[in-house]
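>>> Mind folding the following:
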Amino acid sequence: MIRLDLKRRMAQITGILLAAGASRRFGGDKLSYTLPNGSAVVEQACRNLGQAVDRVLAVVRPGADVVAEALKAAGARVVVCAEADSGMGASLACGVAASADADAWLVALADMPWIAPQTVASVADALRNGAAIAAPCRQGRRGHPVGFARHLAADLLALHGDNGAKSVIERYRAQLQLVEVADPGILRDIDTPTDLIQL
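Reported below is the predicted structural model:
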């Protein structure tokens, strides 16, 4: 028990918030949209992630100054991914490269503001307890955020274009630990204005 507690204290988990999308299907800056609680989508996603990790690093696209300032105000360190237009894989690799000293990474999407902090904490705990890859699951469906242990850094850094973390999960499927949760937020993202109307 003492050894496990020490492991939990020593493991530094960096939350990587991917906020570099172009919001083309939404038709505008969806990340700055104000939720009913008064927070912007990106701020809420950042705060939910930040409650369960040691630090948050947010990846934004060039010119996204409003989003970057909101993220800084929410406590994140912000990095600009020059290759953001090429896809999510490039943004994730950029985030991992900018936090190379982490023991593990917990990757979340900025357009998923309804994930409960307790869900994030459960996935983080799975990483601290030795999982190579961890993700929440609800009623048989895998959701977000997804965690990766340090020994997968090379695989994450090799991502490019729109080839995101899904390829890494498929490659190491046998090492994936699913964490069962009751949180519907792990499956809810914002792609179009309709997703907000349905809220």
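
>>> Pull the number of nearby residues for residue 171.
Counted with other CB atoms under 10 Å, the neighbours of residue 171 add up to 12. (Glycine included, C-beta is placed from N, CA and C.)

>>> quick one: contacts for it?
Residues near residue 171 by CB atoms under 8 Å, 6 or more residues apart in numbering: residue 155.

>>> List the backbone torsions phi and psi for it.
When quoted as degrees, to the nearest 10, the phi and psi of residue 171 stand at phi -70, psi -30.

>>> From here on, call the first residue 9.
Sounds good: first residue 9 from here, last item residue 179.

>>> if I look at it, how far off is residue 166?
Distance of residue 179 to residue 166, given as CB to CB, to the nearest Å: 11 Å.

>>> what about the helices in the protein?
Secondary structure of the chain (DSSP state H): helices at 10-18, 49-58, 73-81, 96-105, 125-136, 161-165, 174-179, 201-205.

>>> in the longest one, what's buried?
The reference is to helix 125-136. For helix 125-136, a neighbour-count test (16 or more other CB atoms under 10 Å) marks 127, 128, 130, 131, 132, 133, 134, 135, 136 as buried.

>>> Contacts only, for the first one.
When contacts are counted by CB under 8 Å, 6+ apart, residue 127 touches 144, 187, 189, 191, 193, 194.

>>> cutoff 7 Å now
If you count contacts by CB atoms under 7 Å, 6 or more residues apart in numbering, residue 127 has them with 144, 189, 191, 193, 194.

>>> mind showing which ranges of the chain have poor pLDDT?
By pLDDT under 70, the low-scoring segments of the chain are 9-18, 30-36, 200-207.

>>> circling back to that earlier point, kindly compare burial across the helices of the chain and name the winner.
Comparing the helices of the chain by mean neighbour count (mean count of other CB atoms under 10 Å), helix 49-58 comes out on top with a mean of 24.

>>> chain center to that helix, what's the gap?
The chain centroid and the centroid of helix 49-58 are separated by 10 Å under CA atoms, centre = their mean, to the nearest Å.

>>> send the alpha carbons of it over as CSV?
The C-alpha trace of helix 49-58 is given here as CSV (Å, rounded to 0.1, in the frame of the first residue of the first chain):
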residue,chain,number,x,y,z
VAL,A,49,-17.1,25.7,-24.0
VAL,A,50,-13.3,25.7,-24.0
GLU,A,51,-13.1,27.0,-20.4
GLN,A,52,-15.4,24.4,-19.1
ALA,A,53,-13.5,21.6,-20.8
CYS,A,54,-10.2,22.9,-19.5
ARG,A,55,-11.5,23.2,-15.9
ASN,A,56,-13.0,19.7,-15.9
LEU,A,57,-9.7,18.3,-17.1
GLY,A,58,-7.6,20.4,-14.7
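
>>> other SSEs contacting that helix?
Packing contacts for helix 49-58, counted by 3 or more CB pairs under 7 Å, 6 or more residues apart in numbering; DSSP states H and E, involve strand 21-27, strand 63-68, helix 73-81, helix 125-136.

>>> ok, now with 10 Å
Counting contacts by 3 or more CB pairs under 10 Å, 6 or more residues apart in numbering; DSSP states H and E, helix 49-58 is packed against strand 21-27, strand 63-68, helix 73-81, strand 112-117, helix 125-136.
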